[in-house]
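K.L.:
Provide a 3D model corresponding to the input given below.
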Amino acid sequence: MATILAPHPLVEVDGLRHYYGSAPGGHLVLDDVNLTLVENEIVGLLGRSGSGKSTLLRSIAGLIHPREGEVRFMADETGRAPTVSMVFQTFALFPWLTVPQNVELGLEAQKVPAEERRTRALAAIDLIGLDGFENAYPKELSGGMRQRVGLARALVVNPALLLMDEPFSALDVLTAETLRTDLLDLWSEGRMPIKAILIVTHNIEEAVLMCDRILVFSSNPGRVVAEIKVDLPQPRDRLDPPFRALVDDIYARMTARPTSVQPARDGLFPGTGIAMVLPRVSTNSLAGLIEEVDGTPFEGRAGMAELADSHQLEVDELLPMAETLQLLRFAELQGADILLTSSARHYAQADVDQRKAMFAQALLAHVPLVQHIRRILDDRASHTAPARRFRDELEDHMSPDYADETLRTVTLWGRYAEIFAYDEGSDQFSLEDPE
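P.N.:
Numbers count the residues shown, from 1 in each chain. Got it, this is the predicted structure:
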């Protein structure tokens, strides 16, 4: 019987920990991240913004030096360590260079002779389907073509590991689908020089469509909370029941409450009391989601995967809305489904004034920071208070960026519900709109 050899490891990440700012008060982005990348696999890093996925990718690329832990590149049988290339979300092309000149940049940095650079660049351009644009500048290309140039630039140096940081998120849906399919075709046909791909994404369907293995990250700080093997054969069909079942399972995992969270917590937002970090979710988005789930064909219960697919929503857009509805008792998250409460269904049919009153009641009952601001305003003879006071309180518990986002969110919600007013010029809260 022939011996089946285990795949050769390319990179090992051991105990990676990284924070921004000075310890111990710095913002912890990654905490004890461990993973091994092996040959002949596409691995997806799936999670929300702020979960440290891009920080991990840049640590592997050598663009960031983590505060703790180690990234080890495993030598092959010849003793050579694997090389790495990276494709960025925002194309990162030099506008004054032609397509081949942009592609040649990595080779030029490696001191490759000009004639060889040109030959290899043209071969890479042909490989990714941009032949005919050899004399074009980036401004002459569509977004999809520019990303193909970025891919050619990454491939031309013959890397063993290709790192991709949300490579399709800046593209329209159809262009992203075409480029994604072309990349998978090149990979399955063995036409690219790479041995493995590590891709960061917010899109659950994209991860299931492309990856052999998916690492699900939690946020604040980023940790690997699940590792999912995708055993579906390629090419994959989004409509196949096993595909849909896996997408639903990942949604359920990403909305599950951590066992370490106190029972009083109603969502998945970090922190408790006034120190709960809140996402920037508009009242219009919340109302729109309630109306969508309340209407036909959902009638009060909808699968998040179906909602995301029909409205082209990614994890970073849909989950904060769904969890905010859960926080306000307008919905329950049951596995991969959103189930509206009776209050939310009444809200869907209410007029504007009734909606404001219901929203105000929910905020005052379930968002401690709203309660806190209103109580301070009620207690002061002037019924006013500077916003800086509340930002300072929040910064005792979270980073300035999170404090600012949380206060902006609460300000937006509180003004809509007419719980308090806010004047941007004076940066001050009050109980009445200033004249």
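K.L.:
what does the domain assignment say about this structure?
P.N.:
Per automatic domain parsing, the structural domains of the chain span 9-253, 269-278+367-435, 280-362.
K.L.:
Could you check what's spatially nearest to Phe217, not counting adjacent residues?
P.N.:
Gly47 (3.2 Å; CB to CB, 6 or more residues apart in numbering). Placement of C-beta: from N, CA and C, glycine included.
K.L.:
List phi and psi for that neighbour.
P.N.:
phi 180, psi -180 (degrees, to the nearest 10).
K.L.:
want to throw the domains of the chain into TSV with mean pLDDT and mean neighbour count?
P.N.:
TSV is the format used below for the domains of the chain (pLDDT from 0 to 100; neighbours: other CB atoms under 10 Å):
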stretch	mean pLDDT	mean neighbour count
domain 9-253	84	18
domain 269-278+367-435	87	16
domain 280-362	89	18
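K.L.:
CA atoms only for stretch 49-59, dumped as CSV, please.
P.N.:
The C-alpha coordinates for stretch 49-59 follow below in CSV (Å, rounded to 0.1, in the frame of the first residue of the first chain):
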residue,chain,number,x,y,z
SER,A,49,-13.8,44.6,10.8
GLY,A,50,-11.6,45.0,13.8
SER,A,51,-11.1,41.3,14.2
GLY,A,52,-7.4,41.5,13.2
LYS,A,53,-7.5,39.5,10.0
SER,A,54,-5.6,42.1,8.0
THR,A,55,-3.1,42.6,10.8
LEU,A,56,-2.4,38.8,10.8
LEU,A,57,-2.0,38.9,7.0
ARG,A,58,0.4,41.8,7.2
SER,A,59,2.3,40.1,10.0
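K.L.:
returning to what we had before: hmm, the residue nearest to Phe217 is touching Val216, no?
P.N.:
Yes. Gly47 lies in contact with Val216 (CB atoms under 8 Å); the separation is 6.4 Å.
K.L.:
Spit out the residues that contact those two alike.
P.N.:
By CB atoms under 8 Å, 6 or more residues apart in numbering, Gly47 and Val216 have these common neighbours: Met254.
K.L.:
quick one: terminal-to-terminal distance for stretch 47-56?
P.N.:
End-to-end span of stretch 47-56 (CA to CA, to the nearest Å): 12 Å.
K.L.:
Same check on stretch 14-31?
P.N.:
So stretch 14-31: terminal residues 11 Å apart, CA to CA.
K.L.:
gap between the closest residue to Met74 other than its chain neighbours and Thr78?
P.N.:
Setting aside the residues directly before and after it, Met74 is nearest to Pro9 in space (CB to CB, 6+ apart), at 4.7 Å. Here Pro9 is placed at a distance of 15 Å from Thr78 (CB to CB, to the nearest Å).
K.L.:
same check, this time on Val370
P.N.:
63 Å.
K.L.:
Spit out the contact partners of the residue nearest to Met74.
P.N.:
Applying CB under 8 Å, 6+ apart, we find Pro9 in contact with 36-39, 74.
K.L.:
Output those in CSV; the columns should cover distance to Ala287 and secondary structure.
P.N.:
Output for the contacts of Pro9, formatted as CSV (distance: CB to CB, whole Å; DSSP: H, G, I helix; E, B strand; the rest coil):
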residue, distance to Ala287, secondary structure
Thr36, 45, strand
Leu37, 43, strand
Val38, 47, strand
Glu39, 49, coil
Met74, 52, coil
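K.L.:
Out of these, which two sit at the greatest distance?
P.N.:
Thr36 and Glu39 (11.1 Å; CB to CB).
K.L.:
All the helices of the stretch 251-400 of the chain, in order from the start?
P.N.:
Along the stretch 251-400 of the chain, counting by DSSP state H, counting those that start in this stretch, helices occupy 283-294, 304-311, 315-327, 342-349, 352-366, 368-379, 387-395, 400-416.
K.L.:
Using CSV, lay out the ones you listed together with distance to Ser59.
P.N.:
Shown next, in CSV, are those (distance: least, CB to CB, whole Å):
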stretch, distance to Ser59
helix 283-294, 33
helix 304-311, 29
helix 315-327, 21
helix 342-349, 42
helix 352-366, 38
helix 368-379, 34
helix 387-395, 27
helix 400-416, 21
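K.L.:
Out of these, which is closest to Lys195?
P.N.:
The closest of the helices of the stretch 251-400 of the chain to Lys195 is helix 315-327. By CB to CB, the value is 28.3 Å.
K.L.:
Could you list every helix and strand in contact with that closest one?
P.N.:
Here helix 315-327 touches helix 241-255, helix 283-294, helix 304-311, strand 331-334, strand 337-340, going by 3 or more CB pairs under 8 Å, 6 or more residues apart in numbering; DSSP states H and E.
K.L.:
The ones you listed into TSV, with extra columns for distance to Met321?
P.N.:
Below are those laid out as TSV (distance: least, CB to CB, whole Å):
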stretch	distance to Met321
helix 241-255	12
helix 283-294	5
helix 304-311	9
strand 331-334	9
strand 337-340	9
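K.L.:
Which stretch among those approaches Gln101 most closely?
P.N.:
Across these, closest to Gln101 is helix 304-311 (CB to CB), at 39.4 Å.
K.L.:
what comes into contact with that closest one?
P.N.:
Against helix 304-311 from outside (CB under 8 Å, 6+ apart): 204-205, 238, 244, 247-248, 251, 255, 289, 292-293, 313-315, 318-319, 322, 336-338.
K.L.:
now the strands for the stretch 51-200 of the chain?
P.N.:
Counting by DSSP state E, counting those that start in this stretch, residue ranges of the strands within the stretch 51-200 of the chain are 68-73, 84-87, 161-165, 196-201.
K.L.:
do you know which of those lies nearest Gly132?
P.N.:
That would be strand 84-87 among those, by CB to CB, at 21.6 Å.
K.L.:
tell me which strands and helices that closest one is in contact with?
P.N.:
helix 53-61, helix 143-155, strand 161-165.
K.L.:
contacting residues for the closest residue to Pro279 other than its chain neighbours?
P.N.:
Sequence neighbours aside, Pro320 is the residue nearest to Pro279 in space, at 3.9 Å (criterion: CB to CB, 6+ apart). Counting by CB under 8 Å, 6+ apart, Pro320 makes contact with 48, 279, 281.
K.L.:
A strand includes the first one, no?
P.N.:
No. Read with DSSP: H, G, I helix; E, B strand; the rest coil, Arg48 is coil and lies in no strand.
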